[in-house]
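[1] just need the structure, nothing else, for what follows:
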Amino acid sequence: MGNKNSNASAAGGGAIYGLGIFGAWFWFFGQADSFWEYVWAFFQGIFWPAFMVYEVFKVLSG
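    Presented below is the predicted three-dimensional model:
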């Protein structure tokens with residue numbers, strides 16, 4: 001009875017990350033104009049949290 005399943009929270013986090021990837025792809029593909037920009041947009045969509053944290057730290061550092 002006391003055994004809780006911790007997979008539910010992991011699945012919720014994965015769903016949010018997955019929606020973030022699709023949203024980032026929508027945004028970055030909309031900004032792209034050439035083939036290599038579309039290739040770069042694909043990788044930006046996958047690694048969007050890293051880009052977001054980098055930009056936040058850049059703004060905070062002044």
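[2] quick one: contacts for the residue nearest the centre of the chain?
    Compute the mean C-alpha point of the chain, and by CA atoms, centre = their mean the closest residue is Trp48, 3.5 Å away. Trp48 sits next to Gly20, Ile21, Ala24 when contact means CB atoms under 8 Å, 6 or more residues apart in numbering. Backbone N, C-alpha and C define where each C-beta goes, glycine included.
[3] next helix or strand past the longest helix seen in the chain?
    When the chain is parsed with DSSP state H, its longest helix is helix 7-31. The first helix or strand that comes after helix 7-31 along the chain, using DSSP states H and E, is helix 35-46.
[4] burial count for Ile16?
    10 (other CB atoms under 10 Å).
[5] quick revisit: need the buried ones from the contacts of Trp48 selected in PyMOL.
    Command for PyMOL, covering only those of these found buried under the criterion 16 or more other CB atoms under 10 Å:
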select buried, resi 24
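[6] where is pLDDT lowest across the contacts of Trp48?
    Among the contacts of Trp48, Gly20 carries the lowest pLDDT, at 86.
[7] my guess is it meets Phe47, correct?
    No. The pair Gly20 / Phe47 is not scored as a contact, 10.8 Å apart, by CB atoms under 8 Å.
[8] find the residues that touch each one of the two.
    With CB under 8 Å, 6+ apart, Gly20 and Phe47 have no common neighbours.
[9] nearest residue to Gly20 in space, ignoring adjacent ones along the chain?
    Leaving out its chain neighbours, the residue that sits closest to Gly20 by CB to CB, 6 or more residues apart in numbering is Trp48, at 6.0 Å.
[10] so that neighbour versus Glu55, what's the distance?
    10 Å (CB to CB, to the nearest Å).
[11] over to Val39?
    Taken as CB to CB, the span from Val39 to Glu55 is 21 Å.
[12] count the neighbours of Tyr38 for me.
    Residues within reach of Tyr38, counting by other CB under 10 Å, total 13.
[13] and it, what does it touch?
    Counting by CB under 8 Å, 6+ apart, Tyr38 has contacts Phe29, Ala32.
[14] much appreciated, bye for now.
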